[in-house]
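Engineer: 3D, please:
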Amino acid sequence: MNAYKFLLADRVSPFSGVAWPAEGWIEANGTLVACRSGIHACRPRDLAYWLTEHLWQVELDGEVIDHELKVVAKRARLLRPIAAWDAEAQRDFVRMCLGRVVHHAAVEAAEAVPEHAAALASAGQGDDLEAVRRAARAVEAALPQEARVAGRLAGFVEDAVDWIELPPAALAYVAAHAADSRSGPIPDDPFVAERALQSRWLAERLRLD
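Structural biologist: Got it, this is the predicted structure:
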């Protein structure tokens, strides 16, 4: 079975600290238990939860168990680095996540302050981060006191601008929590829905099966 694994530099696992060999298999001892024992990897639909700088395609072998956000295997080996997950793709993903935070904030504020919400949405389409920050602050300043959710989401936009240079996982997390903070109408689990959108973006951009 083929899957994917996000690693740090030198093929180091971000959680276990184990360095994967460039060639050959890495094996787990004992019973497979998600988050405790076994070789952990992800499917395309899980990608957004495990972001690091380096992504590899891996082959899993032996016993493999499915988990809600991952798969766990008895052994695995690296097949190839996903070269498409480069600096440009990471920047584009971060900007997409910023756009999603702006979207959630603008939609939430649209009823209370439609002109300011439209200005925020428009700023989110451009490359001027300070314009996005100013538009978010203008929304916050114009909102009536009772529009607490919209104010919180405008604050999320400012946080997202501040975090734009952090690793992609940071903005992905902010976008998921922005979705989860909406007052409605929303999906059954907006956090999960936003993560699914992020994973689809990654799979399509990186051409992963």
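Engineer: give me every residue that touches Val94.
Structural biologist: Neighbour list for Val94: Ile164, Pro168, Leu171 [criterion: Cβ atoms under 8 Å, 6 or more residues apart in numbering]. Yep, even glycine has a C-beta here, placed from its N, CA and C like the rest.
Engineer: Out of these, which end up buried?
Structural biologist: Buried subset of the contacts of Val94 (neighbour count, 16 or more other Cβ atoms under 10 Å): Pro168, Leu171.
Engineer: can I get the contacts of Val94 in CSV with secondary structure and distance to Ala41?
Structural biologist: Listed next are the contacts of Val94 as CSV, based on DSSP: H, G, I helix; E, B strand; the rest coil; distance: Cβ to Cβ, whole Å:
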residue, secondary structure, distance to Ala41
Ile164, coil, 29
Pro168, helix, 19
Leu171, helix, 23
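Engineer: element containing Val107?
Structural biologist: helix 87-109 (DSSP states H and E).
Engineer: now that helix: mean pLDDT?
Structural biologist: Per-residue pLDDT over helix 87-109 has a mean of 98.
Engineer: please renumber so the chain begins at 10
Structural biologist: Done: numbering now begins at 10, and the last item shifts to helix 96-118.
Engineer: Alpha carbons of it, as PDB, please.
Structural biologist: Output of helix 96-118 as PDB, limited to C-alpha atoms (Å, rounded to 0.1, in the frame of the first residue of the first chain):
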ATOM      1  CA  ALA A  96       8.800  26.600  -1.400                       C
ATOM      2  CA  GLU A  97       6.400  28.000  -4.000                       C
ATOM      3  CA  ALA A  98       3.700  25.400  -3.300                       C
ATOM      4  CA  GLN A  99       4.100  26.100   0.400                       C
ATOM      5  CA  ARG A 100       3.700  29.800  -0.100                       C
ATOM      6  CA  ASP A 101       0.700  29.300  -2.300                       C
ATOM      7  CA  PHE A 102      -0.900  27.000   0.300                       C
ATOM      8  CA  VAL A 103      -0.300  29.600   3.100                       C
ATOM      9  CA  ARG A 104      -1.900  32.300   1.000                       C
ATOM     10  CA  MET A 105      -4.800  30.100   0.200                       C
ATOM     11  CA  CYS A 106      -5.300  29.500   3.900                       C
ATOM     12  CA  LEU A 107      -5.100  33.300   4.600                       C
ATOM     13  CA  GLY A 108      -7.800  33.700   1.900                       C
ATOM     14  CA  ARG A 109     -10.000  31.200   3.700                       C
ATOM     15  CA  VAL A 110      -9.700  33.100   7.000                       C
ATOM     16  CA  VAL A 111     -10.600  36.300   5.200                       C
ATOM     17  CA  HIS A 112     -13.600  34.600   3.600                       C
ATOM     18  CA  HIS A 113     -14.900  33.400   6.900                       C
ATOM     19  CA  ALA A 114     -14.500  36.800   8.500                       C
ATOM     20  CA  ALA A 115     -16.000  38.700   5.600                       C
ATOM     21  CA  VAL A 116     -19.100  36.400   5.300                       C
ATOM     22  CA  GLU A 117     -19.600  36.600   9.100                       C
ATOM     23  CA  ALA A 118     -19.500  40.400   9.000                       C
END
